[in-house]
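Undergrad: Below is the structure, and that's it, no one-letter string:
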DNA sequence: GTCCGGACCGTGAACGTTCACGATGGCGTA
DNA sequence: TACGCCATCGTGAACGTTCACGGTCCGGAC
């Protein structure tokens, strides 16, 4: 079951077999197919050890992710790094960062593609802008894996994310359980035009419906990832609904909403569910102001993304078009276990400007 | 940074370096230390590809786990298998099963040790009985990793488990959130003498205490993993406390408790939290009779165990004495995502004897 | 002095693959 | 006919490590 066996079986040399298996020039198309057919029938599996021993060519994959929110993206990077170590030194991971989601990802992508990467892991901020670049990458045989956010209808290899519908449904079910008496709850998101955000709302509403509509959505707020707007609209929602029982902030921008609730003295009567985990949120969870946060498990996402990409580069095996991680409810009781696993320097935010801590 | 560089730097042959690095006989102790020191200072990392290419010696690790509960242990095995594939064919995993936890694990251990395994992954049913065997294994340089249950005070390499204190605390916090009005709850376990079970109770009580003692433990029941006893004592507890608001079954034996609650018509007034996931539990979760189950993530445990063991066998790097996975709350809304990932044939229980399904 | 044995160490082949180079042969052109 | 070119294929070295084998040296016994 080696390259030699194929050569012997066909009466050709190992060099010819090598050329055939790697689609190199300088070989008769007929012998090429004969070799391929024989390789197939013999069940040929390349010996990776020997391959890497000889031409110490390393696979280079580049990871383009934002810097902010640090704790989240650092965790994602950590998951990738961790999953990559078993393959070292045959695999080399190159990290490139840009300030925020969608700010500079295209440029970083072009640079890496020009420098000759073998694969990508990216979080598309603006999928439409990235689409043509994913196309050219695919044409050159460079696979792209999306994490956290997807770039649908492109030639990406696969996407890894927390299934948004389930994320919303988990938050909804938890709120339903926490508020057995029923009542009104608020839903905060970024843009409902974004597929992911709309899916979360769908999942959320579906969960509420399960309970016989004792809990209902009093307002759906689009904050457009803007701190000021989030704060202002949270104040408005709370004042318009003095009897509001719960809030689910389905984006990572939960701080403005939390502060608004605190300013109005409503924290004790509200059950609040947020999204993901970042330093400034830890305190709110510890003192119970946030009942739970739906964690999208960046570490696991990173691991899955890297493994799918590596498998494809080595075996050529295609993953399913979408890979999902199960969202986790982080509460006070299991918070510490998450903080343990997180990148070390990321937990202490120190006095960041504009951050109110109580 | 290869064996040749060490040889050249010291003016010896590669054979000598090889003998020194592997503690083989037939080498002067002095040259041995000289080689080791030089290897250290040059930062020598063996080329695993070359090593495996030459003496195609495969690491063989044996996994001894119970058959029942199938879904749980199959998931654990799946996690191990999955984590092992990247190392194939340099790593070979051998699975041995015995009927139940503690029934035949010692015999299986001895057999595998005699057959010359390189490492173990086991779930000690009776840690005391297994201790001497772990000792002899350790003396022969065969590392043992415990999963799910630990064998403390032995020479095991490490143990992988869901931190029992956190498991209990998560269940407690969830119940607290579900029952904002306070009241009495029941706690079911196996044996309080078992460290893990006692830790879960501690975590559980700690979470209740956080809330200003509005929720309190009406009864702690030891069911000794006996179905009849569990059922009988559940009936007794429910009848003694007609106002019981919630139940946490901290072992996998939750069915007798659930049936007792159902028989007494108390399901609708009880918030029930169980442990782990198995086929017969799925229906109870789907119709909301079980609010949530604390999942101890066997797949992740398997992955962690294998990676720690492999790292040690290859690098000699020792993992921390305990590795923890974060327990997850499985509810109706994320149940399907878990069932997806589970071993295929394990979900459908068919008509198992003695199983009541509604 | 010769021989032997043991301790220690060097030598070289082999593992499966890759790749640069050389070899072969057929065909067209001078 | 002689030559060169191109397409196609074979050859052999190299990658870093392991291991069986053989070599060298030294001390002791005859």
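TA: Received it, and whenever you're ready, just let me know what you need. Predicted model only: the values in this text are computed from it and were never measured.

Undergrad: ok, now which ones touch the residue lying closest to residue A:254 once chain neighbours are set aside?
TA: The shortest distance from residue A:254 to any non-neighbouring residue, by C-beta to C-beta, 6 or more residues apart in numbering or on different chains, is to residue A:274 (4.0 Å). C-beta coordinates here come from the backbone N, C-alpha and C atoms, glycine included. Neighbouring residues of residue A:274 by C-beta atoms under 8 Å, 6 or more residues apart in numbering or on different chains: A:248, A:249, A:254, A:258, A:281, A:284, A:290, A:292, A:293, A:294.

Undergrad: so what strands line up beside the helix or strand harbouring the first one?
TA: Secondary-structure assignment from DSSP states H and E places residue A:248 in strand A:244-249. Strand A:244-249 has the following sheet partners, assigned by DSSP bridges: strand A:183-189 (parallel), strand A:271-275 (parallel).

Undergrad: Export these as CSV, with columns for distance to residue B:31 and mean pLDDT.
TA: Output for those, formatted as CSV (distance: least, C-beta to C-beta, whole Å; pLDDT from 0 to 100):
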stretch, distance to residue B:31, mean pLDDT
strand A:183-189, 69, 97
strand A:271-275, 61, 97
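
Undergrad: Go through the ones you listed and pick out the most buried.
TA: Neighbour counts (mean count of other C-beta atoms under 10 Å in any protein chain shown) averaged over each of those peak at strand A:271-275, with a mean of 25.

Undergrad: Please state the offset of that one from the chain centre?
TA: Distance of strand A:271-275 from the chain centroid (C-alpha atoms, centre = their mean, to the nearest Å) equals 20 Å.

Undergrad: do the same with stretch A:221-241
TA: Offset of stretch A:221-241 from its chain centre (C-alpha atoms, centre = their mean): 27 Å.

Undergrad: model confidence over it, on average?
TA: For stretch A:221-241, the mean per-residue pLDDT is 95.

Undergrad: In it, which residues are buried?
TA: For stretch A:221-241, a neighbour-count test (16 or more other C-beta atoms under 10 Å in any protein chain shown) marks A:221, A:222, A:223, A:230, A:231, A:233, A:234, A:235, A:237, A:238 as buried.

Undergrad: right, and the fourth one touches residue A:236 too?
TA: Right, residue A:230. No. Assessed by C-beta atoms under 8 Å, residue A:230 is found out of contact with residue A:236, at 10.8 Å.

Undergrad: any shared contact partners between the two?
TA: Shared contacts of residue A:230 and residue A:236 (C-beta under 8 Å, 6+ apart): none.

Undergrad: if we can go back for a sec, for the contacts of residue A:274, please prepare TSV with the additional fields neighbour count.
TA: Listed next are those as TSV, based on neighbours: other C-beta atoms under 10 Å in any protein chain shown:
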residue	neighbour count
A:248	27
A:249	28
A:254	27
A:258	24
A:281	23
A:284	22
A:290	25
A:292	27
A:293	28
A:294	27
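
Undergrad: which one among those residues gets closest to residue A:157?
TA: Distance to residue A:157, by C-beta to C-beta, is smallest for residue A:294 among the contacts of residue A:274, at 26.6 Å.

Undergrad: how about the strands of chain A, start to end?
TA: A:59-66, A:91-98, A:119-122, A:144-147, A:158-162, A:183-189, A:215-222, A:244-249, A:271-275, A:292-295, A:322-325, A:328-330 (DSSP state E).

Undergrad: Now tabulate those in TSV and tack on distance to residue A:39.
TA: Listed next are the strands of chain A as TSV, based on distance: least, C-beta to C-beta, whole Å:
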stretch	distance to residue A:39
strand A:59-66	22
strand A:91-98	25
strand A:119-122	24
strand A:144-147	28
strand A:158-162	27
strand A:183-189	52
strand A:215-222	56
strand A:244-249	54
strand A:271-275	49
strand A:292-295	45
strand A:322-325	30
strand A:328-330	44
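
Undergrad: Now do the same for residue A:90: its pLDDT.
TA: With respect to pLDDT, residue A:90 has a value of 87.

Undergrad: OK, contacts around it?
TA: A:48, A:52, A:58, A:59, B:49.

Undergrad: how close does it sit to residue B:333?
TA: 41 Å (C-beta to C-beta, to the nearest Å).

Undergrad: Then residue A:58?
TA: For residue A:58, the distance to residue B:333 - C-beta to C-beta - is 43 Å.

Undergrad: Which one's more surrounded, the two?
TA: Counted by other C-beta atoms under 10 Å in any protein chain shown, residue A:58 and residue B:333 do not tie: residue B:333 has more neighbours, with 25 against 13.

Undergrad: which residues does residue A:81 contact?
TA: Per C-beta under 8 Å, 6+ apart, neighbours of residue A:81: A:93, A:302.

Undergrad: Where does pLDDT dip in chain A?
TA: A:342-358 (pLDDT under 70).

Undergrad: Specify the helix with the largest residue count in chain A.
TA: Longest helix of chain A, by residue count under DSSP state H: helix A:298-315.

Undergrad: which helices and strands does that helix pack with?
TA: Here helix A:298-315 touches strand A:59-66, helix A:70-84, strand A:119-122, strand A:144-147, strand A:158-162, strand A:322-325, going by 3 or more C-beta pairs under 8 Å, 6 or more residues apart in numbering or on different chains; DSSP states H and E.

Undergrad: if we go to 10 Å?
TA: Judged by 3 or more C-beta pairs under 10 Å, 6 or more residues apart in numbering or on different chains; DSSP states H and E, helix A:298-315 is in contact with helix A:48-54, strand A:59-66, helix A:70-84, strand A:91-98, strand A:119-122, strand A:144-147, strand A:158-162, strand A:322-325.

Undergrad: Which of these sits closest to DNA strand C?
TA: Smallest distance to DNA strand C across the helices and strands packed on helix A:298-315 (C-beta to the nearest atom of the strand): 3.3 Å, for helix A:48-54.

Undergrad: quick one: buried residues of the closest one?
TA: Buried-residue list, helix A:48-54, by 16+ other C-beta under 10 Å: A:48, A:49, A:51, A:52, A:53.

Undergrad: where's that helix relative to the chain centroid, distance-wise?
TA: Mean-position distance between helix A:48-54 and its chain equals 32 Å (C-alpha atoms, centre = their mean).

Undergrad: Against which helices or strands is that helix packed?
TA: Judged by 3+ C-beta pairs under 10 Å, 6+ apart, helix A:48-54 is in contact with helix A:298-315, helix B:48-54.

Undergrad: So what angle separates the directions of the longest one and strand A:91-98?
TA: For helix A:298-315 and strand A:91-98, the angle between their directions (axes from the mean of the first three to the mean of the last three C-alpha atoms, to 10 degrees) works out to 130 degrees.

Undergrad: Excluding chain neighbours, give the residue nearest to residue A:118 in space.
TA: residue A:59 (4.8 Å).

Undergrad: try residue A:130
TA: Ranked by C-beta to C-beta, 6+ apart and with sequence neighbours excluded, the top spatial neighbour of residue A:130 is residue A:124, at 4.7 Å.

Undergrad: What is the neighbour count of that neighbour?
TA: Look at residue A:124: counted by other C-beta under 10 Å, it has 28 neighbours.
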